[in-house]
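> I need the structure of the sequence given here:
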Amino acid sequence: QKVTIKEAKQRFLNNNQGKHPKTIKDYERFFKKFTETFAEEYSSTSITKIKAEDWLNEVKKLDMAKNSIHCYGKHLTHFLNFLFEYHYTPWFKINNEVKTRPEVKEKIIFTDDTITDIFKNLKSKNSNFQTTVYLLFYTGLRSSDILSINVNNIDLSNRVIHYYSPKRKKFREVAFHKGLSTMLKKRIKEVKEGKLLDYNCVENLGRAVRRYLVDDLKIVEYYTARTFRKTFITLCRSRYNMDASVVRELVGHEHGNTTDKY
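Numbering: from 1, shown residues only. The predicted model follows:
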């Protein structure tokens, strides 16, 4: 069917509008780069094997992290499969040597001394931030997961949290460590109902954590809110020798190899 790249892009975005907001932003970033070469008014049939491979080869020359470049390659494949499915362009296969590859990076976790500093200096912060740090450290859950926790979904007596995982699009329940009980009890008493944490989005939570680590604690290493999750998983597996299947269930990993590989 003869459709422009703009029309195809719009249908693609409409079909994927239910994806995680971060994924939607990745799509938008991809299309911004893609349409620098393939103008939106062009026909979809202008996207040929040679031109698509040339675009990928140019993207791989960008001064960017390998995984950021792979994100472009991954979304190109996704968009091409969509074009083939709707017969907007004739089918072709990208050469394997041209395809981008992901990079498995070194696991960055908090040292014991850093963990001590994080909790020792936490008393000066408000209860919203204190609870955030405690949740990240004691549960290993994603930032997006802890933001979805409601006060009435916390069972203090049985030490269980019920929450909705935006990434996995499913409701989950997880047991939590007794070290989290006092902080949760205090926060629940304060907010009474609704969301446990007062952040509008994951990005705001991430910025708050980064400011605390860099501005307040003067930590020079590149730590983020996600480092709490990586630290939790690494300590469970390497120091406390917990079974991978148990850790996977605690942190909400979908695939078996994610826990140890990433």
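
> quick one, helices of this structure?
Per DSSP state H, the chain carries helices over the ranges 5-15, 21-34, 49-59, 66-85, 112-120, 127-139, 143-147, 181-191, 202-211, 226-234, 244-251, 258-261.

> other SSEs contacting the third one?
In terms of contact count using 3 or more Cβ pairs under 8 Å, 6 or more residues apart in numbering; DSSP states H and E, helix 49-59 is assigned the packing partners helix 66-85. Every residue, glycine included, has its C-beta placed from N, CA and C.

> if you set the cut-off to 10 Å instead, what comes out?
helix 21-34, helix 66-85 (3 or more Cβ pairs under 10 Å, 6 or more residues apart in numbering; DSSP states H and E).

> just the fifth one next, same as before
Packing partners of helix 112-120 (3+ Cβ pairs under 10 Å, 6+ apart): helix 127-139, helix 226-234.

> now these as a markdown table including distance to Phe119, mean pLDDT and mean neighbour count?
What follows is the helices and strands packed on helix 112-120, written out as a markdown table (distance: least, Cβ to Cβ, whole Å; pLDDT from 0 to 100; neighbours: other Cβ atoms under 10 Å):
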| stretch | distance to Phe119 | mean pLDDT | mean neighbour count |
| --- | --- | --- | --- |
| helix 127-139 | 8 | 97 | 21 |
| helix 226-234 | 12 | 95 | 21 |
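
> out of those, nearest to Asp63?
Closest approach to Asp63 among the helices and strands packed on helix 112-120 (Cβ to Cβ): helix 226-234, 23.6 Å.

> related to what we said a few turns ago, so can I have TSV of the helices and strands packed on helix 49-59 showing distance to Val133?
Shown next, in TSV, are the helices and strands packed on helix 49-59 (distance: least, Cβ to Cβ, whole Å):
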stretch	distance to Val133
helix 21-34	22
helix 66-85	27
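
> ranking those by burial, who's on top?
Highest mean neighbour count among the helices and strands packed on helix 49-59 (mean count of other Cβ atoms under 10 Å): helix 66-85, with a mean of 17.

> give me the below-cutoff pLDDT ranges for the protein.
Residues of the chain meeting the criterion pLDDT under 70: 1, 262.

> before we move on, the earlier item: quick one: closest of the helices of the chain to Asp155.
Here helix 181-191 is closest among the helices of the chain (Cβ to Cβ), at 10.2 Å.

> and the helices and strands packed on helix 112-120: which comes nearest Lys51?
helix 226-234 (36.4 Å).

> now the angle from the closest one to helix 127-139?
Interaxial angle, helix 226-234 versus helix 127-139 (axes from the mean of the first three to the mean of the last three Cα atoms, to 10 degrees): 30 degrees.

> which helices and strands sit right next to helix 226-234?
Helices and strands touching helix 226-234, by 3+ Cβ pairs under 10 Å, 6+ apart, are helix 112-120, helix 127-139, helix 143-147, helix 202-211, helix 244-251, helix 258-261.

> ranking these by burial, who's on top?
Greatest average neighbour count among these goes to helix 143-147 (a mean of 23), per mean count of other Cβ under 10 Å.

> check the offset of that helix from the chain's centre.
Relative to its chain's centre, helix 143-147 lies at 10 Å (Cα atoms, centre = their mean, to the nearest Å).

> which residues are in contact with it?
The contact list for helix 143-147 (Cβ atoms under 10 Å, 6 or more residues apart in numbering) reads 20-22, 131-132, 134-136, 139, 141, 161, 163-168, 172, 174, 195-206, 209, 224-226, 228-229, 251-252.

> what of stretch 7-22?
Contact with stretch 7-22 is made by 1, 3-4, 23-28, 30-31, 34-35, 38, 40-41, 43-44, 47, 75, 78-79, 82-83, 85-86, 88-89, 144, 166-169, 201-203, as judged by Cβ under 10 Å, 6+ apart.

> what does stretch 238-257 give?
Contacts with stretch 238-257, where a contact means Cβ under 10 Å, 6+ apart, come from 107, 109, 112, 139-142, 145, 163, 165, 167-168, 170, 172, 174-177, 229-230, 232-237, 258-262.
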